[in-house]
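> Quick one: sequence and predicted model below, then my questions.
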Amino acid sequence: MKLTTEENFAADVLAKNFVVVDFSADWCGPCRMITPILDEIHDEMGVEFVQVNIDNCGDIASEYGIMSIPTLAIFKRGEKISVTAGAASKARLVDWIKSHLD
C-alpha cells in the first residue's frame, strides 16, 4: 500500500478515478490489523489503496473530518463518496468497495 504525504495527496488520491484511502497511524492496533486485509483485497480485486498517516498528515485528516482511526474513505474522481470507520471483516470491506465500483 502506498503511503502518501500532504505534498503528494492530490496526485495520489484526488487525480485518480477510484482509490480507497486508509487513514491510520503507526501506533493504532486496529489499523495494523486491517492492513493485511487491505493488501489481500488489493491483490484480489486490483483496487488501489493509499495510506494517510494522520500523525504526518494532520491537515488532510482534518480537512476530511477524520475523527477516529482506522477510517477508510472511497474517493472517485477526486471526491470523497463513502466512509467507513473502525476495523471490519474482509467480507464487509469487499462488499462496501464493490457497492461503489462503476
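Arrived safely, thanks for sending.
> What are the boundaries of the strands in the protein?
2-3, 18-24, 49-53, 71-76, 79-85 (DSSP state E).
> now, of those strands, which is deepest in the fold?
Neighbour counts (mean count of other CB atoms under 10 Å) averaged over each of the strands of the chain peak at strand 18-24, with a mean of 23. All C-beta spots, glycine's among them, are computed from the backbone N, C-alpha and C.
> Quickly run through the sheet partners of that strand, with directions.
strand 49-53 (parallel), strand 71-76 (antiparallel) (DSSP bridges).
> now that strand: how far from the chain's centre is it?
Distance of strand 18-24 from the chain centroid (CA atoms, centre = their mean, to the nearest Å) equals 2 Å.
> Just the CA trace of that strand, in PDB.
Provided in PDB are the C-alpha atoms of strand 18-24 (Å, rounded to 0.1, in the frame of the first residue of the first chain):
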ATOM      1  CA  PHE A  18     -11.100   5.200  -7.900                       C
ATOM      2  CA  VAL A  19      -9.000   4.900  -4.800                       C
ATOM      3  CA  VAL A  20      -9.500   3.700  -1.200                       C
ATOM      4  CA  VAL A  21      -7.800   5.900   1.400                       C
ATOM      5  CA  ASP A  22      -6.700   4.300   4.700                       C
ATOM      6  CA  PHE A  23      -6.500   7.000   7.400                       C
ATOM      7  CA  SER A  24      -4.400   5.400  10.100                       C
END
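> Contacts for it next, please.
Applying CB atoms under 8 Å, 6 or more residues apart in numbering, the external contacts of strand 18-24 come out as 1, 12-13, 31, 34-35, 38, 47-54, 61, 64, 66, 69-76, 97, 100-102.
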